[in-house]
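Enquirer: Return atomic coordinates for the entry below.
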Amino acid sequence: MAFHDLTPNKSAPENAKSLLGLGPKFICTPKFTTGSIFTGYDRLEVDFHRRVFFAGDPEESVDTNPDVSPPPPESKLYIRSDWRPDLADIPDWVPARLSKFYVRVQRLYTKKQADSNILPFQERLLELLASDSKHLYPLADKGLGPCAVLYEQYVEDCLIHLKNET
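Expert: As a prediction, the model looks like this:
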């Protein structure tokens, strides 16, 4: 992808094209992989308890018991609920199974140092661009990729555009 230096004296860093030319959708790999995934455990536990609670008895099936009506069609309306079934209503095997699952999943998500998908000079350049308060790096019009402009120039052009009454 192209990079355009629109500053009056071409004052953007020389190697900016090698980094910004990767495109606006490029995502740098973080320094470390995801370590802990405990944030989702509580929701998984609540959802699993609800499903077990409403699953019913496996012996009672629609085919074998004519008194049991088929489930109603699913509604497109969804209302989030904070309701949790009582632990006394949850079978004993559920907490043990969830615990084993958590242990196995946690083994898969150990925090490790990740390999970078950009070169060392690009990492330094990214830090330089992030700390530079004189330049902005917006996307150019019509999909032409990122460009470099001076902050003052960008503000001035915006004010001209906003004051235009046509």
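Enquirer: Check for me that Ala96 belongs to a helix.
Expert: Yes - membership of Ala96 in a helix is supported by DSSP: H, G, I helix; E, B strand; the rest coil.
Enquirer: just checking, Leu19 touches Asn117?
Expert: No - Leu19 is beyond contact range of Asn117, at 11.7 Å (criterion: CB atoms under 8 Å). Quick note: C-beta positions are derived from backbone N, CA and C, even for glycine.
Enquirer: The two: which has the busier surroundings?
Expert: Leu19 (23 against 11; other CB atoms under 10 Å).
Enquirer: element containing that one, please.
Expert: helix 16-20 (DSSP states H and E).
Enquirer: buried sites along that helix?
Expert: By 16 or more other CB atoms under 10 Å, the buried positions in helix 16-20 come out as 16-17, 19-20.
Enquirer: hmm, who's touching that helix?
Expert: Helix 16-20 has contacts (CB atoms under 8 Å, 6 or more residues apart in numbering) with 3, 5, 118, 122, 125-126, 129, 137, 145-146, 148.
Enquirer: repeat that for 10 Å
Expert: Identification of contacts with helix 16-20 by CB atoms under 10 Å, 6 or more residues apart in numbering yields 1-5, 12-13, 26, 28, 118-119, 121-126, 128-129, 132, 135, 137, 139, 145-148.
Enquirer: Just the CA atoms of it, as PDB, please.
Expert: Output of helix 16-20 as PDB, limited to C-alpha atoms (Å, rounded to 0.1, in the frame of the first residue of the first chain):
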ATOM      1  CA  ALA A  16       7.700   5.700   7.600                       C
ATOM      2  CA  LYS A  17       6.700   4.200   4.300                       C
ATOM      3  CA  SER A  18       8.000   0.700   5.300                       C
ATOM      4  CA  LEU A  19       5.700   0.700   8.400                       C
ATOM      5  CA  LEU A  20       2.600   2.800   7.300                       C
END
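Enquirer: Next secondary structure after that helix?
Expert: Following helix 16-20 in sequence order, the next helix or strand is helix 41-55 (DSSP H and E).
Enquirer: avg pLDDT for that next one?
Expert: For helix 41-55, the mean per-residue pLDDT is 90.
Enquirer: for that helix, packing partners?
Expert: If you count contacts as 3 or more CB pairs under 10 Å, 6 or more residues apart in numbering; DSSP states H and E, helix 41-55 packs onto helix 93-108.
Enquirer: Using CSV, list the CA coordinates for the helix it packs on.
Expert: This file holds the C-alpha atoms of helix 93-108, laid out as CSV (Å, rounded to 0.1, in the frame of the first residue of the first chain):
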residue,chain,number,x,y,z
TRP,A,93,-20.9,-33.8,38.4
VAL,A,94,-21.1,-30.2,36.9
PRO,A,95,-18.6,-28.4,39.2
ALA,A,96,-16.1,-31.3,38.9
ARG,A,97,-16.4,-31.3,35.1
LEU,A,98,-16.0,-27.5,34.9
SER,A,99,-13.0,-27.6,37.1
LYS,A,100,-11.3,-30.2,34.9
PHE,A,101,-12.1,-28.2,31.9
TYR,A,102,-10.6,-25.0,33.4
VAL,A,103,-7.4,-26.8,34.3
ARG,A,104,-7.0,-28.1,30.7
VAL,A,105,-7.8,-24.8,29.1
GLN,A,106,-5.4,-22.9,31.3
ARG,A,107,-2.6,-25.3,30.2
LEU,A,108,-3.2,-24.2,26.7
